[in-house]
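# Structure of the sequence below:
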Amino acid sequence: MRNVFVAGIAFTLTLGAVAGASPVRAAAATSAHRATAPVTSRPAAFEPMLTPMREPGAYGGRFVIAVTNDPRTFNPILAAETNSVDVCERLFTSLTRFDNATQRIRPALAKSWEVSADGLVWTWHLRRGARFSDGQPITAADVKFSFDVANDTSLASPVHDAVLVHGRPMIVSAPDSYTVVTRIDRPFALMEPTVGAVRILPEHVLGAAWRAGAFASAYGVGTPRDSLVTSGPWLLEQYAPHEKVVLARNKYWYGVDARGRRLPYLDRLIFTIVPDQTTAAIQFQAPNSEIDGLDNVKPDDYATYAKGQAAGDYTLHDLGPTLTSSFFWFNLNTVKVAAGARNVGDPYAGAVKYAWFSNPVFRRAVSKAIDRDAMIRAVYFGAGTRSWSVITPGNRVFHNPQAPAYDYDPAGARQLLAGLGWRDSDRDGVLEDAHGNPVKFTLETNANSAVRVALANFVRDDLAKVGIGCTIAPVAFNSMMAHITNDFGYDAELGGLGGSVPPDPGVGPNFYLSSGSTHFWNVGQLHPETPEEARIDSLFDRLVTVRDMVVRKRLSAKIEQIIGDQGWVVWLPVQDIRLPIRNRFGNLDPSPIRHRLLWNIESVYVKPKAAQRR
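Presented below is the predicted three-dimensional model:
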């Protein structure tokens, strides 16, 4: 549960469940596999985690996934972008974990837990016999250490905000080696996934570095593999920059199958690093390809993948609408602290544009000008879905089909603009506002996303038809992020928020709250600057306090109603996800929730006959 940048801007969500719920339901490039059983030595007291799966598997083999960027760190406390997070989540365990299949929290390192009657004290009972990859026991001291590091504000960790409860850090204690107690000030609906956001680190390896102020450089991509001790089902075997990351089975992992055999089944999990989606597609479809699955596929390649399924011995899985939202917004940021020639309250977009952007009638007119069907046909090649919220139709729990929808209605858009007193007095095709200012703005997006650039071009062309001038400015991702979070030097931005694990709006305070760091249209407000945002702040506080899901869904819908009515963001259609995966694997269960392919990789196995053919 953290903010993760996904081809743009990202957003993570989580969903609580019943405490202590029972589970439900060679080298790296070798061309042959050997079924090698892992070491299964166990301490005298061993409390394994029974891992849900369709069927028991067999040991051996590998799974190769293509990715388009290197990881930037192997430190789970510092990992921010998807390429680092996806690796770190395989290397390190946590107290709880989310089951994509059941969409419920289930036990992980914590075998069970209970909460006090007032909801303020949570007691977590750890599995005895769980060990790090160097064989040392994982104890409550390691858990407390990991939370202490996550709460260290000097590290600028993306995990820090994820583990705050009502804006405050929880108090963590370890009364004995296998008990962790967390205390909070107010009841909190999302305690289970919140503690699951912290990956467990070995204090005996990293404690000295943290106390010396050197933690920020620990577990970097240059750390020798033998020094990188992990707590999860995998350990680092090899990292070759711009080529591959190879993970090997952790023989001490505490997860087991129904027969009591330690997981993972696979010998190795390999992230092959390729330059882009096109290269990944070419390599996947090549004869005797080493790549087993893709998690990042262009919609214009869907037809090609569909045709090649039989010849390539793979299946193109249709996972439905993505949980990653797509939208653009206008810059309503104002100066919060006076500096230079800027005074508190000055709009960064300038007075003229701010007057347009801050008017909900203008924003609704813009939304009505957008032909989303045309976008779905041309940009997504028909594989797209309308979405009117940051909670897309892919979220089967919290999606609200009644969210306000200012859909394509160019005549209605022109009528709204005319009602503002705007006219094309000089007949140049661009409206002038009531003061004679041409209504024009620049729309930025990240240049490395062909889909976003294509969406922006549609926005430009559609707005021109109703008399609004729009210039497209594809920029480097880092420049885009600097404008969004630092200097606010933009008119409008087209981006999106990536779905998280698990999908619950309650872990989106950074987006929903007026003070949030990704409340994009007006970031980090000291106090709510509109009555509507004050109302959202109040509703959100209740959303993360009550545990009744019926009430929580109702509160979420009210929040989405306000955002939709105000039109602070202009919603765009989202992509339908289709992913190609080889047929030789058992227990693979692709999911629309990230990680879509690897969420249960420790229970995935190579079917014996398929392994022999390969």
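
# Please report the distance of T139 from S231.
From T139 over to S231 the distance is 11 Å, taken as C-beta to C-beta, to the nearest Å. C-beta: built from backbone N, CA, C; applies to glycine.

# out of those two, which sits in the busier spot?
Neighbour tally, T139 and S231, criterion other C-beta atoms under 10 Å: the higher count belongs to S231, 28 against 21.

# Could I get the pLDDT score of that one?
Confidence at S231, expressed as pLDDT, is 98.

# if I look at it, how far off is A80?
20 Å.

# same thing with A341?
Taking C-beta to C-beta, one finds A341 at 33 Å from A80.

# which one of those two has more residues nearby?
A80 (18 against 6).

# Read off the pLDDT value for the closest residue to that one other than its chain neighbours.
Distance criterion C-beta to C-beta, 6 or more residues apart in numbering; nearest residue to A80, sequence neighbours excluded, is P158 at 4.5 Å. On the pLDDT scale, P158 is placed at 82.

# and P158, backbone torsions?
Phi and psi for P158, reported as degrees, to the nearest 10, are phi -70, psi -20.

# number of nearby residues for it?
Count around P158 with other C-beta under 10 Å applied: 22.

# Surely it is in contact with P76?
No. Using C-beta atoms under 8 Å, P158 is not in contact with P76; the gap is 10.1 Å.

# how about D152, what does it touch?
D152 makes contact with 160, 210, 215, according to C-beta atoms under 8 Å, 6 or more residues apart in numbering.

# Please pick out the residue of the protein most distant from its centre.
Computed with C-alpha atoms, centre = their mean, the residue of the chain farthest from its C-alpha average is D426, at 47.2 Å.

# hey, what's the spatially closest residue to that residue that is not a sequence neighbour bridged with?
Distances taken as C-beta to C-beta, 6+ apart place E432 nearest to D426, at 7.4 Å, with adjacent residues excluded. Beta-bridge partners for E432, by DSSP bridges, are R423, P438.

# Would you mind measuring from E432 to F357?
Distance, E432 to F357, using C-beta to C-beta: 16 Å.

# Between those two, tell me which one has more neighbours.
F357 (22 against 17).

# circling back: so what's the residue nearest to D426 up against?
Counted by C-beta under 8 Å, 6+ apart, E432 has contacts 422-426, 438-439.

# got a pLDDT number for it?
Model confidence at E432, given as pLDDT, is 98.

# Might you list the low-confidence residue ranges for the stretch 501-614 of the chain?
Regions of the stretch 501-614 of the chain meeting the criterion pLDDT under 70 cover residues 610-614.

# which strands and helices sit next to the helix or strand hosting W329?
For W329, the element it lies in under DSSP states H and E is strand 327-330. Here strand 327-330 touches strand 440-446, strand 492-495, strand 569-571, going by 3 or more C-beta pairs under 8 Å, 6 or more residues apart in numbering; DSSP states H and E.

# Could you check the angle the helix or strand just after the first one makes with strand 440-446?
What that stands for is strand 440-446. Going down the chain from strand 440-446, the next helix or strand is helix 450-464, by DSSP H and E. Taking axes from the mean of the first three to the mean of the last three C-alpha atoms, to 10 degrees, one finds helix 450-464 and strand 440-446 inclined to each other by 170 degrees.

# what about helix 450-464, distance to the chain center?
For helix 450-464, the distance from its own C-alpha centre to the chain's C-alpha centre is 24 Å (C-alpha atoms, centre = their mean, to the nearest Å).

# Check which residues of that helix are buried.
Residues of helix 450-464 classed as buried: 451-453, 455-459, 462-463 (neighbour count, 16 or more other C-beta atoms under 10 Å).

# and if you look at stretch 581-591?
Under 16+ other C-beta under 10 Å, the buried positions of stretch 581-591 are 581-582, 584-591.

# Looking at these, spot the one nearest T153.
Nearest to T153 among the buried residues of stretch 581-591 is S591, at 34.0 Å by C-beta to C-beta.

# which residues does that closest one contact?
Neighbouring residues of S591 by C-beta under 8 Å, 6+ apart: 100-101, 319, 599.

# which ones among those are found in strands?
Counting by DSSP state E, the part of the contacts of S591 found in strands is L319.

# picking up where we left off before, if you rank the contacts of D152 by neighbours, which is first?
Within these, most neighbours by other C-beta under 10 Å means F215, with 22 neighbours.

# so what's that one up against?
F215 is in contact with 77, 149, 152, 155, 206, 209, counting by C-beta under 8 Å, 6+ apart.

# pretty sure the second one is touching W210, no?
Yes. Counting by C-beta under 8 Å, V149 sits close enough to W210 to count as a contact (5.7 Å).

# Could you list which residues are in contact with I273?
66-70, 242-245.

# Other residues contacting stretch 370-381?
Contacts of stretch 370-381 (C-beta under 8 Å, 6+ apart): 299-300, 302-303, 382-386, 407-408, 451, 454-455, 458-459, 462, 570, 572-573, 575-576.

# In the chain, where is pLDDT below threshold?
Those would be 1-45, 610-614, if you go by pLDDT under 70 across the chain.

# which helix is the longest one in it?
Counting by DSSP state H, the longest helix found in the chain is helix 549-566.

# What helices and strands are in contact with that one?
Partner elements for helix 549-566 (3+ C-beta pairs under 8 Å, 6+ apart): helix 360-369, helix 531-543.

# and the end-to-end length of stretch 336-355?
18 Å (C-alpha to C-alpha, to the nearest Å).

# ah, wrong one, I meant stretch 368-375
Start to finish, the residues bounding stretch 368-375 are 14 Å apart (C-alpha to C-alpha).

# to the chain's geometric centre, what's the distance from it?
The answer for stretch 368-375 is 26 Å, by C-alpha atoms, centre = their mean.

# buried ones in it?
Buried, per 16+ other C-beta under 10 Å, within stretch 368-375: 368-372, 375.

# With stretch 487-494 instead?
Neighbour-count burial for stretch 487-494 flags 488, 490-494 (criterion: 16+ other C-beta under 10 Å).

# Please identify which of these is nearest to Y265.
Distances from Y265 to the buried residues of stretch 487-494, taken by C-beta to C-beta, are shortest for L494, at 42.3 Å.

# and that closest one, what does it touch?
If a contact means C-beta under 8 Å, 6+ apart, then L494 has 326-328, 443-445, 452, 455-456, 459, 572 as its contacts.

# got TSV for those residues, with distance to K251 too?
Below are the contacts of L494 laid out as TSV (distance: C-beta to C-beta, whole Å):
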residue	distance to K251
S326	43
F327	46
F328	49
L443	52
E444	49
T445	46
R452	43
L455	47
A456	50
V459	53
L572	47
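
# Good, wrapping up.
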